[in-house]
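Colleague: no sequence on this one, just coordinates:
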């Protein structure tokens with residue numbers, strides 16, 4: 001059966017190879033900015049039309065190229081970065097100019113203008129996929145201008161699978177954001193049409209650099225950490241406890257100045273901050289790791305977005321220990337209130353002085369503090385593990401549960417009730433979350449979300465990519481009671497909010513935090529966004545943010561009121577995320593544990 005294997009035509013193989021590197025407009029922007037950085041640019045300007053689909057123009061003041069080098073740079077496997085095989089094991093540069101330009105020229109119309117310092121004229125090259133380059137002399141300032149037009153015009157299937165303009169613009173903004181943070185000495189600007197989205201001013205201070213990208217207010221929530229051990233060095237910006245996000249989307253990792261996606265660094269950050277942030281929050285973080293280039297392989301991914309460490313366990317241990325120690329010490333120096341790690345656990349290799357900071361909390365199964373609502377139980381007690389089954393709702397039992405007698409709180413988190421079948425324990429947060437979820441959902445379904453205007457609009461600064469994604473969903477937020485409008489740059493003004501969020505005694509910080517939670521959700525909304533599905537997910541976020549929290553004290557009447565509202569819900573026994581709201585320790589189970597039967 002000979003003849004099945006064929007050599008692909010060159011134009012087709014070029015398109016396939018380009019697909020490994022050029023996935024969307026953000027890929028073009030990434031490759032061209034990296035080339036500009038490798039060329040020693042001190043200023044890089046990126047201009048887009050239609051989120052880069054119709055035009056991407058990147059202008060830099062780097063060293064430029066001669067006519068001969070510019071022609072070679074447009075060919076495949078031509079580069080100034082690699083001379084021999086050994087160079088691949090210790091790469092110091094970001095990209096290979098020839099590889100990027102050839103890949104882009106296979107899927108778009110490309111024009112390259114470049115002139116090195118000292119030359120009287122520059123070179124302009126125009127390329128279309130499958131065509132011969134048109135070359136002419138021009139005069140421009142030193143540096144390079146790359147124009148990419150009609151991306152994927154020759155690959156309609158690829159273009160069809162791109163996302164909306166706002167989403168693609170968000171991806172571009174993330175790329176520019178990451179590269180700007182990795183190269184603080186270079187002035188980098190991103191413009192979309194007549195909107196200036198990013199103006200990252202050069203500065204030696206990463207925190208000041210971040211301020212110029214995301215705004216001073218967002219940058220103020222982060223602390224600067226630095227640590228070294230041997231050839232390893234880490235510089236990090238990490239948010240303070242209480243300033244986390246609902247997912248890991250605001251975590252940025254860099255290795256030797258290269259933005260990367262790396263699970264090892266992500267896991268190290270998670271371990272270093274695990275006892276400092278609640279389980280449903282993740283720190284905002286910028287981790288800059290430096291090490292010997294020979295100890296890291298950057299060629300494990302076509303776009304060099306992933307890396308592999310030669311001594312991964314050593315890198316992981318260094319990051320966990322140094323970040324945790326530095327974060328705790330910095331927060332203590334600022335006067336932040338931290339939960340002390342409990343005694344026990346093993347120390348670290350960094351010495352006995354650091355061991356206490358690295359121990360994990362080892363709480364008993366159920367250490368409880370009852371509020372003084374009753375005298376049947378002692379004020380403190382420790383319970384042994386008891387077999388627990390989630391309470392299953394019998395068809396006619398909801399009305400009976402309304403009359404349970406409140407006993408108290410455990411750790412100001414779990415509410416105790418006495419009933420004819422035994423001891424009932426309610427999670428106050430999940431129970432209130434279910435109540436609010438159904439209330440907000442009914443209001444939305446009836447189109448009766450009551451809106452209240454703010455006397456003074458609340459202005460929030462977002463990351464550039466968040467601003468792009470948010471602009472696509474303003475109508476959905478309006479249907480949910482938020483009146484939001486752009487306020488210049490990547491800031492937005494909240495002019496009105498659901499009235500339920502502005503009850504007497506509520507502070508605007510709660511509205512602000514809820515809105516930022518919604519932005520997090522919209523940023524990572526994965527599938528199609530029909531309003532009912534999106535509204536349901538957003539209502540879940542609203543309910544979660546508004547519900548009473550663990551460690552909020554509740555009195556007997558508040559406990560009774562929450563029980564009544566929960567039992568009136570359509571699905572009272574789970575929260576909107578599926579967690580139980582109330583559990584039962586039956587009299588039979590208690591008698592068995594106390595050896596009465």
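Modeller: Great, that's in hand. Quick caveat, the model's predicted, so the values are computed rather than measured. Numbers count the residues shown, from 1 in each chain.
Colleague: mind checking pLDDT for the spatially closest residue to residue 551 that is not a sequence neighbour?
Modeller: In space, and not counting its chain neighbours, residue 551 is closest to residue 412: 4.7 Å by Cβ to Cβ, 6 or more residues apart in numbering. C-beta here means a position set from N, CA and C on the backbone, and glycine is covered the same way. Turning to residue 412, the model gives it a pLDDT of 89.
Colleague: Pretty sure residue 412 sits in a helix.
Modeller: No - assigned with DSSP: H, G, I helix; E, B strand; the rest coil, residue 412 falls outside any helix and is coil.
Colleague: domains in this structure, as residue ranges please.
Modeller: With automatic domain parsing as the criterion, the domains of the chain are listed as 10-204, 221-358, 364-597.
Colleague: need the strands for the stretch 51-200 of the chain, in chain order.
Modeller: Per DSSP state E, counting those that start in this stretch, the stretch 51-200 of the chain carries strands over the ranges 55-60, 109-115, 122-127, 134-138, 143-149, 187-192, 195-200.
Colleague: How about the third one, which residues are buried there?
Modeller: So that's strand 122-127. 122-127 (16 or more other Cβ atoms under 10 Å).
Colleague: picking that back up, could you dump the strands of the stretch 51-200 of the chain to a markdown table with mean pLDDT and distance to residue 157?
Modeller: Formatted as a markdown table, the strands of the stretch 51-200 of the chain follow (pLDDT from 0 to 100; distance: least, Cβ to Cβ, whole Å):
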| stretch | mean pLDDT | distance to residue 157 |
| --- | --- | --- |
| strand 55-60 | 97 | 21 |
| strand 109-115 | 96 | 18 |
| strand 122-127 | 96 | 22 |
| strand 134-138 | 95 | 28 |
| strand 143-149 | 96 | 19 |
| strand 187-192 | 97 | 26 |
| strand 195-200 | 94 | 29 |
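Colleague: which one of these lies closest to residue 501?
Modeller: Across these, residue 501 has its closest neighbour in strand 195-200 (29.3 Å, Cβ to Cβ).
Colleague: Check which residues of that closest one are buried.
Modeller: 197-198, 200.
Colleague: Report all helices and strands that that strand contacts.
Modeller: When contacts are defined as 3 or more Cβ pairs under 8 Å, 6 or more residues apart in numbering; DSSP states H and E, strand 195-200 sits against helix 165-182, strand 187-192, helix 206-214, helix 464-471.
Colleague: swap the cut-off to 7 Å and go again
Modeller: helix 165-182, strand 187-192, helix 206-214 (3 or more Cβ pairs under 7 Å, 6 or more residues apart in numbering; DSSP states H and E).
Colleague: For residue 516, which of these is the nearest?
Modeller: Between residue 516 and those, the shortest separation by Cβ to Cβ is 12.2 Å, and it involves helix 206-214.
Colleague: Show me what whatever helix or strand comes next after the closest one is packed up against.
Modeller: Once helix 206-214 ends, the next helix or strand along the chain (criterion: DSSP states H and E) is helix 216-219. Counting contacts by 3+ Cβ pairs under 7 Å, 6+ apart, helix 216-219 is packed against helix 206-214.
Colleague: Recalculate using a threshold of 8 Å.
Modeller: helix 206-214, strand 451-461.
Colleague: contact partners of that helix?
Modeller: 207-208, 210-211, 461-463 (Cβ atoms under 8 Å, 6 or more residues apart in numbering).
Colleague: Please tell me which one of these counts the most neighbours.
Modeller: Among those, residue 210 has the most neighbours (other Cβ atoms under 10 Å), with 26 neighbours.
Colleague: For residue 152, see how far away the residue lying closest to it once chain neighbours are set aside is.
Modeller: In space, and not counting its chain neighbours, residue 210 is closest to residue 219: 4.6 Å by Cβ to Cβ, 6+ apart. Distance, residue 219 to residue 152, by Cβ to Cβ, to the nearest Å: 36 Å.
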